[in-house]
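Undergrad: got a predicted model here, sequence first, then my questions.
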Amino acid sequence: MAGWVANRADGAVEAAFEGEPEAVEAMVDFCRQGPRGAEVESVEVSEEPPEGLDGFSIH
């Protein structure tokens with residue numbers, strides 16, 4: 001599993017995940033809930049070609 005997460009200036013969070021489909025779906029499910037104290041209004045999902053990511057980074 002690999003990916004990145006970035007806070008955008010408009011308050012939204014953007015992320016990319018790569019890995020086994022089940023692992024990616026688990027990350028998307030987590031995003032729908034958010035961490036404790038988060039207020040998630042919506043989650044938009046789109047599929048894109050893999051970037052060849054290695055590990056996780058925060059932008």
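TA: Thanks, I have the structure now.

Undergrad: C-alpha from now on. contacts and neighbour counts both.
TA: Fine.

Undergrad: mind checking the backbone torsions on the residue positioned nearest the centre of the chain?
TA: When CA atoms, centre = their mean is applied to the chain, the residue found nearest the centroid is A15 (3.6 Å). Dihedral angles of A15 (phi, psi; degrees, to the nearest 10) stand at phi -150, psi 160.

Undergrad: for it, which non-adjacent residue is closest in space?
TA: Of all residues not flanking A15 in the chain, V5 sits nearest, at 4.2 Å (CA to CA, 6 or more residues apart in numbering).

Undergrad: quick one: contacts for the residue nearest to the centre of the chain?
TA: Neighbouring residues of A15 by CA atoms under 8 Å, 6 or more residues apart in numbering: G3, W4, V5, A6.

Undergrad: same check on F56?
TA: Applying CA under 8 Å, 6+ apart to F56 gives the contacts A2, G3, W4, V5.

Undergrad: got a markdown table for those, with pLDDT, neighbour count and distance to R36 too?
TA: Output for these, formatted as a markdown table (pLDDT from 0 to 100; neighbours: other CA atoms under 10 Å; distance: CA to CA, whole Å):
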| residue | pLDDT | neighbour count | distance to R36 |
| --- | --- | --- | --- |
| A2 | 97 | 17 | 22 |
| G3 | 96 | 18 | 21 |
| W4 | 96 | 16 | 20 |
| V5 | 96 | 14 | 17 |
